[in-house]
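Novice: This is a predicted model, with the sequence first.
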Amino acid sequence: MVLSVDEKTGIQARADLHPTHVARRGQLRREYEYQRNGTQTLIAAFNTQTGEVFGRCWSRTAEGLERFLEAL
């Protein structure tokens, strides 16, 4: 099996404080306030032979990479 593995660190995990409202017909109004909930790391692998993509999010990079490779 040949895998191409990459990671994206520092993704903000955030939640909107206010729901999206319908302002006018066909238009949505979004509030821009949000609450930060820390950061996440996305680790993904692409199997070059089958085209399958595997991905998981972790709170720590080193621990997450080790667990990700064990799960494959």
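Specialist: That came in fine, so what should we check first?
Novice: mind showing which ranges of the chain have poor pLDDT?
Specialist: Applying pLDDT under 70 to the chain flags residues 61.
Novice: give me that answer again for 90
Specialist: In the prediction, the chain carries residues with pLDDT under 90 at positions 1-43, 54-72.
Novice: quick one: which helix or strand includes the spatially most central residue of it?
Specialist: A centroid search over the chain (CA atoms, centre = their mean) returns residue 42, at 5.3 Å, as the residue closest to the centre. Under the criterion of DSSP states H and E, residue 42 resides in strand 34-47.
Novice: quick one: buried residues of that strand?
Specialist: Judged by neighbour count using 16 or more other CB atoms under 10 Å, the buried positions of strand 34-47 are 40-41, 43-45. The C-beta positions use only the backbone N, C-alpha and C, and glycine is treated the same way.
Novice: strand partners of it, parallel vs antiparallel please.
Specialist: Here strand 34-47 has these sheet partners by DSSP bridges: strand 3-16 (antiparallel), strand 53-58 (antiparallel).
Novice: State the distance from residue 16 to residue 59.
Specialist: For residue 16, the distance to residue 59 equals 21 Å [CB to CB, to the nearest Å].
Novice: Pull the contacting residues for the nearest residue to residue 12 once chain neighbours are set aside.
Specialist: Nearest residue to residue 12, sequence neighbours excluded (CB to CB, 6 or more residues apart in numbering): residue 39, at 6.0 Å. By CB atoms under 8 Å, 6 or more residues apart in numbering, residue 39 lies in contact with 9-13, 59.
Novice: List the single closest residue to residue 55 in space, sequence neighbours excluded.
Specialist: Counting by CB to CB, 6+ apart, the residue nearest residue 55 is residue 44, at 4.1 Å.
Novice: swap in residue 4?
Specialist: Nearest non-adjacent residue to residue 4, counting by CB to CB, 6+ apart: residue 46, 4.5 Å away.
Novice: Isn't the one you found up against residue 2?
Specialist: No. Using CB atoms under 8 Å as the test, residue 46 is too far from residue 2 to be in contact (9.4 Å).
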